[in-house]
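> Make a model of this:
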Amino acid sequence: MSAIPEPEPARPCRPQDGPEPEVWTWPPGDRPALKVWSAGAWRYAPVTARQDWADGTFRYQVLVDLRGDTTITHRTYVWGHPGLRKCHGSDAKPSRGPDERRQGEMPQAPRRRPRTGPQGRSTTGR
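Model prediction:
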């Protein structure tokens, strides 16, 4: 059994906590990542946001496969827990604003190439 405890998910911000935390995000293609200790192994966890709370603590929102079965979940952890480690940083500067490129519209469907060859027939032509 490992001496490293698994980190517990952080609770959400409440009105009695004071001002809402300042939230920082990174672009999807260049996010920093943490390692999260879970089910006896270090799990890779890309950071989706960092929350800077008024009490001076930091919370990281991550996407992580906690069991190693490829089920990805979103978790928020308080930084400083022994079950969290830095994996790598990001070359992109974090932003406090929303990603303007992703607002107000649905993603476009991929372009389909026109079919070539026999249509509606088997490959033998019958």
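> where does this protein have low pLDDT?
Applying pLDDT under 70 to the chain flags residues 1-2, 98-111, 113-126.
> repeat that with 90
1-3, 27-29, 93, 95-126 (pLDDT under 90).
> Tell me where the longest strand sits in it.
In the chain, assigned by DSSP state E, the strand with the most residues is strand 41-52.
> and that one, how far from the chain's centre?
6 Å (CA atoms, centre = their mean, to the nearest Å).
> Output the contacting helices and strands for that strand.
strand 22-25, strand 33-38, strand 58-65, strand 72-78, strand 84-88 (3 or more CB pairs under 8 Å, 6 or more residues apart in numbering; DSSP states H and E). Every residue, glycine included, has its C-beta placed from N, CA and C.
> distance of the closest residue in space to Arg31 that isn't next to it in sequence from Lys93?
With sequence-adjacent residues excluded and distances taken as CB to CB, 6 or more residues apart in numbering, Arg31 is closest to Pro46, at 4.6 Å. For Pro46, the distance to Lys93 equals 17 Å [CB to CB, to the nearest Å].
> re the thing from before, looking at it, the residue nearest to Arg31 is touching Val62, isn't it?
Yes. If you go by CB atoms under 8 Å, Pro46 and Val62 touch, sitting 6.5 Å apart.
> between these two, what contacts are shared?
Ala33 (CB atoms under 8 Å, 6 or more residues apart in numbering).
> Settle it for me: which of these two has more neighbours?
Val62 (25 against 18; other CB atoms under 10 Å).
> Would you agree that one is in contact with Arg50?
No. Using CB under 8 Å, Val62 is not in contact with Arg50, being 10.0 Å away.
> about what we covered before: what strands flank the longest strand of the chain, and is each parallel or antiparallel?
strand 22-25 (antiparallel), strand 33-38 (antiparallel), strand 58-65 (antiparallel) (DSSP bridges).
> Ala3: which of the ones you listed is closest?
strand 33-38 (10.4 Å; CB to CB).
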